[in-house]
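Student: 3D, please:
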Amino acid sequence: MNDASIVDIAQAMVVNGKGILAADESTPTCTKRFDSINVESTAESRNAYRGMLFTADGIENHISGVILFDETIRQSTLDGGVPFPEHLSALGIIPGIKVDKGAKQLANTDDEKITEGLDGLRDRLKEYYELGARFAKWRAVITIGEDIPTAYCISANAHALARYAALCQEQGLVPIVEPEILMNGDHTIEESYGLTTETLYNVFYELAAQGVEMEGIVLKPNMVLSGYDCSEQASIQDVAEMTVDCFLNTVPAAVPGIAFLSGGQSDELATAHLNAMNQIDGSPWHLTFSYGRALQAPALKVWSGKAENIPAAKEALMKRVNLNGLATKGEYSADME
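Tutor: This next block holds a predicted model:
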């Protein structure tokens, strides 16, 4: 891949009609997914599974980038032994890399988290760039509960996200900035709106304070949803309108695109919400997806570790990829399922 500017790369990541495949599950997370289909999680089985995803016919038509895990960026296609970053780049798909070290207990709190991984990050980014990565991802986790999140938790995570983003841009990688407010709990969509607003204000304050170029990032946030245990679930239209309104109030227009995480929504609902947002006029950014489970779950189930199921599993993946590609243009409808 030639050395395009971070602004060019960020724009290519959120081009209309395409989104980002998150395939950066850590080994423990991947093992849980494999356990659900009774497949042993080994380096070889994970390589075979990721290779199946990345070689699906036509994936480049609706996928602009793929987020890889440290193990995966060093693996290759089974057919031909082509390193995954090289294989993806040849398709016009931008390789990316998860660089955070996970959410750990935040000091002086009971159950709030801070994402670790800043130590040694500059050197790791240099290595990942050499391996072919052109963007990176860092996830902050904010939990809604009794008297949380605290301002301390939001501020600490926003500061860490900005430090990571500044280091990425210094090394020529586009940072995906992912402040995820978990939707577990019984909070209302109004509470979700308020805390998403507060979090994004803090994140963009820190990004600006640390000199991060807004044109060279991609935001990966939660949608504004009712808590999954809330007795009153907001409609698809309410979610779309409140999410877009929240972002119009917090996200600079200079940011090229917003690639939403699915965050535990069903495959169909994640697509429907994205579609409804793209039917609202006046958004200054491209609104797209950066889904993991919401793209992969049907393919994983069909595959079940058997080589003879690979063609059908690829079809299952491509169905979700194609439908979400349509949702980025507001052209999806539920009867396509």
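Student: Strands along the chain, start to end?
Tutor: Assigned by DSSP state E, the strands in the chain fall at 19-23, 63-68, 94-98, 103-105, 113-115, 135-142, 174-181, 218-219, 257-260, 286-291.
Student: Tell me how many other residues crowd Asn108.
Tutor: Using other C-beta atoms under 10 Å, Asn108 has 8 neighbouring residues. Glycine gets a C-beta too; all of them are placed from N, C-alpha and C.
Student: give the contact list for it.
Tutor: For Asn108, the contact set (C-beta atoms under 8 Å, 6 or more residues apart in numbering) comprises Tyr152.
Student: Check it and give its pLDDT.
Tutor: According to the prediction, Asn108 has pLDDT 97.
Student: Tell me the spacing between it and Asp100.
Tutor: 21 Å (C-beta to C-beta, to the nearest Å).
Student: hmm, back to that, possible to save the strands of the chain as TSV with mean pLDDT and mean neighbour count?
Tutor: Below are the strands of the chain laid out as TSV (pLDDT from 0 to 100; neighbours: other C-beta atoms under 10 Å):
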stretch	mean pLDDT	mean neighbour count
strand 19-23	98	28
strand 63-68	98	27
strand 94-98	98	27
strand 103-105	97	14
strand 113-115	98	20
strand 135-142	98	24
strand 174-181	98	27
strand 218-219	98	28
strand 257-260	98	25
strand 286-291	98	27
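Student: Ser304: which of those is closest?
Tutor: strand 19-23 (17.9 Å; C-beta to C-beta).
Student: May I see the strands of the chain arranged in JSON lines, with distance to Ser226 as well?
Tutor: What follows is the strands of the chain, written out as JSON lines (distance: least, C-beta to C-beta, whole Å):
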{"stretch": "strand 19-23", "distance to Ser226": "23"}
{"stretch": "strand 63-68", "distance to Ser226": "27"}
{"stretch": "strand 94-98", "distance to Ser226": "28"}
{"stretch": "strand 103-105", "distance to Ser226": "23"}
{"stretch": "strand 113-115", "distance to Ser226": "22"}
{"stretch": "strand 135-142", "distance to Ser226": "16"}
{"stretch": "strand 174-181", "distance to Ser226": "12"}
{"stretch": "strand 218-219", "distance to Ser226": "22"}
{"stretch": "strand 257-260", "distance to Ser226": "16"}
{"stretch": "strand 286-291", "distance to Ser226": "20"}
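Student: Looking at His4 now. What's its pLDDT?
Tutor: Heads up, residue 4 is Ala, not His. The model's pLDDT for Ala4 equals 80.
Student: Quick check, pLDDT for the nearest residue to Ala22 once chain neighbours are set aside.
Tutor: Leaving aside its sequence neighbours, Ala22 sits nearest to Gly292 (C-beta to C-beta, 6 or more residues apart in numbering; 3.6 Å). If you check Gly292, the pLDDT there is 95.
Student: Tell me which of the strands of the chain lies nearest to Ala299.
Tutor: strand 19-23 (10.8 Å).
Student: Can you list the strands that the closest one pairs with?
Tutor: Strand 19-23 pairs in its sheet with strand 63-68 (parallel), strand 286-291 (parallel), by DSSP bridges.
Student: Any idea which of the ones you listed gets closest to Asn157?
Tutor: Across these, closest to Asn157 is strand 286-291 (C-beta to C-beta), at 18.3 Å.
Student: List the contacts of that closest one.
Tutor: Outside strand 286-291, the residues within contact range by C-beta under 8 Å, 6+ apart are 14-16, 18-22, 64, 67, 176, 218, 220, 244, 256-262, 270, 274, 277-278, 295, 320, 324, 327-328.
Student: Would you check how far apart the residue most central in space within the chain and Asp186 are?
Tutor: The centroid of the chain falls nearest to Ser290 when counting by C-alpha atoms, centre = their mean (3.8 Å). Ser290 sits 27 Å away from Asp186, going by C-beta to C-beta.
Student: likewise Leu121?
Tutor: 37 Å.
Student: If you count surrounding residues, which of those two has more?
Tutor: Shown here are Leu121 and Asp186; by other C-beta under 10 Å, Leu121 has more neighbours (20 against 14).
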